[in-house]
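Trainee: model this:
(one chain, ligands or ions: 1)
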Amino acid sequence: MRRFPEGFLWGCATASYQIEGSPLADGASPSIWHRFSHTPGNVQGGDTGDVACDHYRRWRDDVALMRELGLKAYRFSIAWPRVLPDGTGRVNEAGVAFYDRLVDALLEAGIVPFATLYHWDLPGALQDRGGWANRDVVGWFTEYAGLMFERLGDRVQHWITLNEPWCVAHLGHVAGVHAPGMRDLWAGLRVAHHLLLAHGEAVAAFRASRAGRGRIGITLNLAPQHAATSSQTDRAATDRADAYHNRLFLDPLFKGRYPAVLVQHFGEAWPEVTDEDLAIIRRPIDFLGINYYSRSVVADAPGEGLLGIRHVDTAGARTAMGWEIYPQGLYELLVRLHREYGPLPLYITENGAAFDDRLDASGQVDDAERVDYLHRHFLAARRAIDDGVRLEGYFVWSMLDNFEWALGYSKRFGIVYVDYPSQRRIVKRSGRWYRQVIEANGVPE
Ligand SMILES: OC[C@@H]1[C@@H](O)[C@H](O)[C@@H](O)c2nc(CNc3ccccc3)cn21
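Mentor: Predicted coordinates for the structure are as follows:
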């Protein structure tokens with residue numbers, strides 16, 4: 001048995017738009033994902049978050065389910081449009097009350113709440129004013145963050161400012177496959193910069209707030225980039241991929257500068273960045289959240305796409321998302337972060353897998369593949385701890401099957417199956433296995 005350190009926080013992660021449903025209930029306003037999913041052609045099958053897992057109404061039973069699973073912690077996100085329907089100014093007390101009740105129920109169940117302030121559901125009213133591409137968003141986000149620190153900061157001790165700024169900037173503003181569906185590199189690079197500025201100003205607001213005794217961090221989606229061959233061109237291509245996918249956020253946050261290779265590569269499209277901006281961005285944080293799913297293998301492809309690279313397929317087994325199952329990449333990433341950007345406390349704020357889960361004749365889900373995926377990744381994380389990495393918790397994505405963005409409900413990541421028509425929750429084999437892992441605080445070799 002490979003035991004984890006005493007007090008290791010085993011949990012699950014979710015996000016507001018993906019599980020809550022009731023997007024316009026009790027005074028909430030439309031988010032950019034409500035608009036995006038209701039725009040035909042954007043989401044597979046025309047799916048929307050209108051119902052999702054109906055968590056907005058079933059939250060009490062879901063907390064009971066978390067307790068049944070033995071979770072030590074639960075990472076959720078707050079829907080900005082519920083608490084500030086106009087994005088700024090008027091507070092919607094019914095929206096704040098939902099999170100108030102949720103936090104109280106988690107504490108009552110002995111579960112540590114981790115609150116993510118932004119997991120992609122920007123108020124549509126702010127998108128109408130330019131959204132993340134408008135530098136005024138820094139003030140809007142700081143106001144929202146300050147309100148949440150004030151209202152929940154006496155009970156929530158762990159705060160994540162942003163979930164995956166790379167996805168917000170690239171998928172939402174360059175590739176256009178996520179809300180708000182923009183395809184504009186110039187805007188996307190400014191969105192990345194504004195996200196980091198907003199993060200830095202929220203950190204300062206946190207330190208000055210009643211919540212300031214707690215911990216604040218940011219969650220990045222990070223993936224090792226491996227060169228397809230040892231050729232100089234493939235290595236240079238891999239360096240560009242690593243800079244865009246990983247260092248674009250790591251370097252300003254922890255080194256106070258953007259990767260030179262990107263500034264050079266993007267030329268006049270690169271935003272103006274001042275020393276004052278960089279000082280805001282690099283304000284010290286208490287932990288780094290890492291969302292790890294897989295790695296990329298990269299080859300030089302002159303003139304192709306944004307970076308002149310292409311991703312090379314590998315022979316390894318894949319999840320239902322087509323992502324290679326590569327647990328050693330988690331070990332490699334954790335050790336790199338510790339050595340190059342640390343040593344600071346780390347949490348794996350998301351790791352998990354989608355597989356084609358089906359109910360069997362007995363109405364159960366025997367997701368052996370997910371058990372194996374998680375087992376191998378837990379062992380990789382444990383190896384990193386042996387090498388000195390200050391890993392303090394692990395959140396499996398996800399507790400429930402849920403709305404998988406542009407793929408709608410076609411992908412199931414949960415350790416609990418959701419039968420959407422009935423909204424029944426059915427604990428999968430992986431959920432029962434995870435309960436044992438938490439109880440033992442360890443996994444078999
Ligand atoms: O795709 C699974 C989850 C998703 O449901 C979460 O909301 C999000 O935080 C999340 N991030 C990743 C990894 N990053 C990523 C990269 C390319 C496309 C989509 C996500 C996976 N996931």
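Trainee: Closest residue of the stretch 1-150 of the chain to the ligand?
Mentor: Nearest residue of the stretch 1-150 of the chain to the ligand, counting by CB to the nearest ligand atom: Ala15, 4.9 Å away. From N, CA and C alone the C-beta is placed, and that goes for glycine too.
Trainee: I should have written the chain there, sorry.
Mentor: Asn221 (3.8 Å).
Trainee: Roughly how far does that residue sit from Ile290?
Mentor: Going from Asn221 to Ile290 by CB to CB, to the nearest Å gives 8 Å.
Trainee: Ok, Arg60 next?
Mentor: Using CB to CB, Arg60 is found at 31 Å from Ile290.
Trainee: Those two - which one has more neighbours?
Mentor: Ile290 (21 against 11; other CB atoms under 10 Å).
Trainee: hang on, that one packs against Leu334?
Mentor: Yes - between Ile290 and Leu334 a contact is recorded at 7.4 Å, counting by CB atoms under 8 Å.
Trainee: Which neighbours do the two have in common?
Mentor: Common contacts of Ile290 and Leu334 (CB atoms under 8 Å, 6 or more residues apart in numbering): Leu346.
Trainee: residues touching Ala204, list them.
Mentor: Contact partners of Ala204, counting by CB under 8 Å, 6+ apart, are 280, 283.
Trainee: all helices for the stretch 51-200 of the chain, in order.
Mentor: With DSSP state H, counting those that start in this stretch, the ranges of helices along the stretch 51-200 of the chain come out as 55-69, 80-83, 93-108, 124-127, 137-152, 165-166, 172-173, 185-208.
Trainee: what's the angle from the longest one to helix 137-152?
Mentor: Put plainly, it is helix 185-208. Angle, helix 185-208 to helix 137-152, by axes from the mean of the first three to the mean of the last three CA atoms, to 10 degrees: 30 degrees.
Trainee: C-terminal to helix 185-208, what's the next element?
Mentor: Per DSSP states H and E, helix 185-208 leads on to strand 215-221 as the next helix or strand towards the C-terminus.
Trainee: Neighbours of Glu392, how many?
Mentor: Quick note: Glu392 (other CB under 10 Å) scores 17 neighbours.
Trainee: Equivalent analysis for the one 4 residues further on, please.
Mentor: Neighbourhood size, Val396 [other CB under 10 Å]: 28.
Trainee: wait, it sits on Met66?
Mentor: No - Val396 lies out of contact with Met66 (CB under 8 Å); the separation is 11.7 Å.
Trainee: joint contacts of the two?
Mentor: Cys12.
Trainee: Wondering if stretch 32-41 reaches the ligand at all.
Mentor: No - using CB under 6 Å from any ligand atom, stretch 32-41 stays clear of the ligand, coming no nearer than 10.6 Å.
Trainee: now the end-to-end length of that stretch.
Mentor: Taking CA to CA, to the nearest Å, stretch 32-41 runs 15 Å from one end to the other.
Trainee: Same check on stretch 383-401?
Mentor: By CA to CA, one end of stretch 383-401 lies 29 Å from the other end.
Trainee: Of all the residues in that stretch, which ones are buried?
Mentor: Using 16 or more other CB atoms under 10 Å as the test for burial, stretch 383-401 gives 383-385, 389-401.
Trainee: Which of these fall in strands?
Mentor: 391-397 (DSSP state E).
Trainee: State the distance from the residue nearest to Gly393 when sequence neighbours are not counted to Leu222.
Mentor: Using CB to CB, 6 or more residues apart in numbering and skipping residues adjacent in sequence, the residue nearest Gly393 is Leu9, 3.2 Å away. Using CB to CB, one gets 19 Å for the distance from Leu9 to Leu222.
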